[in-house]
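*Asks:* following is a predicted model, sequence given first.
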Amino acid sequence: MLVDLNYPTPIPVQLDPAQTLLIIVDMENDSAHPDAPRYMGETVERIIPRIAALRRYVRESGGKVVHTQSVRKPDALEFKLFNNVVRKIEGSWGAEFIDALKPLPDEPVVVKYTHDCFYKTDMEALLDRLQLKPGEARVIVTGVATRGCVQCAVTGFSIRDYYVYVPIDCTAQKDEKEMLQAFSLFAGFAYRYNVTMTQSNMIQLGKAEAIRQAS
């Protein structure tokens with residue numbers, strides 16, 4: 001049986017800046033730099049300026065920004081036991097952030113050793129320090145890869161009862177079909193109660209009269 005996968009219709013959202021957190025997931029050289037062997041190509045090039053613009057908007061509006069950094073140790077079971085592709089070794093160039101989206105001094109970085117930004121990381125402690133509480137905070141998830149680490153972040157925040165927003169123009173996957181599979185998941189029964197599919201120029205922070213024009 002064939003199943004059609006389509007882009008979801010993005011929904012305009014208006015968020016309170018004091019309760020808004022932008023998560024930028026794993027925008028590292030390994031995936032987003034043209035010199036990297038695992039470079040994702042045009043699909044990641046398109047989202048870089050959009051995430052950068054969204055970051056500026058969130059910061060200027062009074063929201064918070066957090067980055068996740070995906071790294072691996074050389075002896076990780078992922079490589080030694082399961083024979084996965086060796087990548088993003090801790091301390092390597094591939095694991096560094098791309099220049100266009102390097103964290104600013106006041107933007108925390110959550111380092112993770114798996115796809116999951118909550119598993120054995122300080123994400124939950126950071127959310128406590130930032131006073132971003134379940135049932136109140138609004139989390140915008142961007143970055144790569146849609147079907148991998150972005151999906152894990154969306155799941156992690158959703159099951160912890162945060163409002164989650166996924167701008168479809170700010171996340172990338174090399175295989176478009178896999179990206180649409182993730183979007184379909186987020187729009188499904190298990191997620192849609194607190195996950196909203198939107199677009200970067202449809203995210204408004206603050207008062208209605210301050211609607212931001214698409215760039």
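*Replies:* Arrived safely, thanks for sending.

*Asks:* nearest the geometric middle of this protein, what residue?
*Replies:* Nearest to the mean C-alpha position of the chain, counting by CA atoms, centre = their mean, stands Thr142 at 2.9 Å.

*Asks:* which parts of this structure are helices?
*Replies:* 29-32, 42-61, 77-80, 123-129, 151-159, 176-186 (DSSP state H).

*Asks:* mind listing what Thr114 touches?
*Replies:* Contacts for Thr114 (CB atoms under 8 Å, 6 or more residues apart in numbering) come out as Lys120, Cys152. The way it works is simple: take the backbone N, C-alpha and C, and place the C-beta from them, glycine included.

*Asks:* and with 6 Å instead?
*Replies:* Going by CB atoms under 6 Å, 6 or more residues apart in numbering, Thr114 touches no other residue.

*Asks:* still on that earlier bit, rebuild the helices of the chain as TSV, extending it with mean neighbour count, mean pLDDT and distance to Thr114.
*Replies:* Below are the helices of the chain laid out as TSV (neighbours: other CB atoms under 10 Å; pLDDT from 0 to 100; distance: least, CB to CB, whole Å):
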stretch	mean neighbour count	mean pLDDT	distance to Thr114
helix 29-32	24	96	15
helix 42-61	17	98	21
helix 77-80	14	93	8
helix 123-129	15	98	12
helix 151-159	22	98	8
helix 176-186	18	96	17
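
*Asks:* wait, the residue nearest to the centre of the chain touches Arg50, no?
*Replies:* No - look at Thr142 against Arg50 with CB atoms under 6 Å: they stay out of range, at 8.1 Å.

*Asks:* hey, what's in contact with both of those two?
*Replies:* Shared contacts of Thr142 and Arg50, counting by CB under 6 Å, 6+ apart, come down to Cys170.

*Asks:* any weak-confidence spans in this structure?
*Replies:* Residue ranges of the chain with pLDDT under 70: 1-2, 207-215.

*Asks:* change it to 50
*Replies:* 208-215 (pLDDT under 50).
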